[in-house]
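1. need a structure here:
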Amino acid sequence: MSAIHSLIVCCALVVAFVSAAPERVFDGSVLTKCAETFQMPVQTYDYLHSIESLPENPDERTMCFYDCLLSSKGTMKDGVFQEDFAKENFARTINEKLGSVDQGVLDKVLSCGKKTAEGKCATSYAVFKCMHGVLQPVFKGLAH
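-> Now for the predicted structure:
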């Protein structure tokens, strides 16, 4: 699998949890919009469920793709983590996926909002990479 495909695979995992709605965890519209904007390959949610880790040094286009994902769902706004929104949204998502809110997982996800980095879209990428590292093992193998 190419590096870009690997990036697309992992992004859907976090987007699924960031954008959870009771009727469907992820409809793909945000992924499609961001993929088109940043000229990334578009994949389906079912395909995008298995990536283990994100690259350490992605290019700017890739980092801005992740910024688009997080910004489109309200987790980031102008490069700033929206903690109140994220807390409510992730608590609901964790509850829906696990049947209850695991406060330890929620705290770890929210602590990712403290990540910063230099460069265009780099903070969003750092936040995304951190959240992916927290959520991927928690949700791995769960039905979507």
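2. From the contact counts, what lies against the longest helix along the chain?
-> Longest helix of the chain, by residue count under DSSP state H: helix 122-139. Packing partners of helix 122-139 (3 or more C-beta pairs under 8 Å, 6 or more residues apart in numbering; DSSP states H and E): helix 3-18, helix 60-72, strand 76-77, helix 83-98, helix 103-111. Just so you know, the C-beta spots here come from the backbone N, C-alpha and C atoms, and that holds for glycine as well.
3. Output those as TSV; include the columns mean pLDDT and mean neighbour count.
-> As requested, the helices and strands packed on helix 122-139 are exported to TSV (pLDDT from 0 to 100; neighbours: other C-beta atoms under 10 Å):
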stretch	mean pLDDT	mean neighbour count
helix 3-18	43	22
helix 60-72	91	22
strand 76-77	94	18
helix 83-98	89	16
helix 103-111	94	16
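4. export the ones you listed to CSV and tack on distance to A35?
-> Shown next, in CSV, are these (distance: least, C-beta to C-beta, whole Å):
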stretch, distance to A35
helix 3-18, 7
helix 60-72, 7
strand 76-77, 17
helix 83-98, 22
helix 103-111, 24
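5. and A122, which of those is closest to it?
-> Nearest to A122 among the helices and strands packed on helix 122-139 is helix 60-72; the distance by C-beta to C-beta comes to 5.6 Å.
6. what angle do that closest one and helix 83-98 make?
-> 90 degrees (axes from the mean of the first three to the mean of the last three C-alpha atoms, to 10 degrees).
7. can I get the CA coordinates of the longest helix of the chain in PDB?
-> This file holds the C-alpha atoms of helix 122-139, laid out as PDB (Å, rounded to 0.1, in the frame of the first residue of the first chain):
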ATOM      1  CA  ALA A 122       1.100  20.900  11.200                       C
ATOM      2  CA  THR A 123      -0.700  21.400  14.500                       C
ATOM      3  CA  SER A 124      -3.900  19.800  13.100                       C
ATOM      4  CA  TYR A 125      -1.800  16.900  11.900                       C
ATOM      5  CA  ALA A 126      -0.100  16.500  15.300                       C
ATOM      6  CA  VAL A 127      -3.600  16.500  17.000                       C
ATOM      7  CA  PHE A 128      -4.900  14.000  14.500                       C
ATOM      8  CA  LYS A 129      -1.900  11.700  14.800                       C
ATOM      9  CA  CYS A 130      -2.200  11.700  18.600                       C
ATOM     10  CA  MET A 131      -6.000  11.000  18.500                       C
ATOM     11  CA  HIS A 132      -5.500   8.200  16.100                       C
ATOM     12  CA  GLY A 133      -2.900   6.700  18.400                       C
ATOM     13  CA  VAL A 134      -5.400   6.700  21.200                       C
ATOM     14  CA  LEU A 135      -8.500   5.600  19.300                       C
ATOM     15  CA  GLN A 136      -7.100   3.000  16.900                       C
ATOM     16  CA  PRO A 137      -6.400   0.400  19.500                       C
ATOM     17  CA  VAL A 138      -9.600   1.100  21.400                       C
ATOM     18  CA  PHE A 139     -11.900   0.700  18.400                       C
END
